[in-house]
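Enquirer: Here is my input; please provide its structure:
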Amino acid sequence: MTFETLVERSAGAQPWRRLFHAANGLVVAGVLYYTDLPRGLVVGILGALLLGFVALDVIRLRSRRANEVFFRAFKPLVTPREAKGPASSTWYALGLITTVAIFPRAAAISGILVLALADPSASWVGRRWGQHPFLGATLEGSAVFLTVSLAVLLMRHPWPVALAGAVVATVAERFAWPLDDNLVVPVVGAAAVTLLQWVL
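Expert: A predicted model of the protein is given here:
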């Protein structure tokens, strides 16, 4: 099987990728919520992971053979855009480390939970059932993102903060380019609830 074929076959709904995406965010949010690990230690662990992901990206993007091995080894988790750019896991780790490093713990958890649950849910629905184009994706997917974000934030914040935060996160997800939504969503989500709690 050629590398081009491997890349083509990585397109689609990718359910295992969505589950992996959600699980990673839930683990980090759980560690932040249920443990008293110092912020510096959490940032250090995430930073080490980020350095590993960056090193892997550099190696595989400089070597077609290494990139092919990467796509074969992580077939259920990769996407076509990773053939020529950083892996989603690299952006994901950067999003987590930035969110944890900058924002209060409670806000960081909220931003990470939105990333973990709303993003893969919206992507799944958009790819499977989306029929109405909306800002580069689908209206159905964005509606699911908004709904899941709101549900997540309502469990952690007063409804005005939750509603406004969900709307801001949904808009940010649609306008993430040229950055990656795995970086933008948790950062903007955490920033939104932090600021909104002061205002509302």
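
Enquirer: Can you point out the buried residues in the longest helix anywhere in the chain?
Expert: The longest helix of the chain (DSSP state H) is helix 39-62. Buried residues in helix 39-62, counting neighbours by 16 or more other Cβ atoms under 10 Å, are found at 42-43, 45-47, 49-50, 53, 56-57, 60-61. Bear in mind the C-beta positions are built from the backbone N, C-alpha and C, glycine included.

Enquirer: what's the closest of those to Tyr92?
Expert: In terms of Cβ to Cβ, no member of those lies closer to Tyr92 than Phe53, at 8.4 Å.

Enquirer: Next up, the contacts around the residue nearest to the closest one when sequence neighbours are not counted.
Expert: Nearest residue to Phe53, sequence neighbours excluded (Cβ to Cβ, 6 or more residues apart in numbering): Thr90, at 4.1 Å. Residues near Thr90 by Cβ atoms under 8 Å, 6 or more residues apart in numbering: 50, 53-54, 57.

Enquirer: Quick one: mean pLDDT for the helix or strand containing Thr90?
Expert: Element membership of Thr90 [criterion: DSSP states H and E] is helix 88-102. Taken as a whole, helix 88-102 carries a mean pLDDT of 97.
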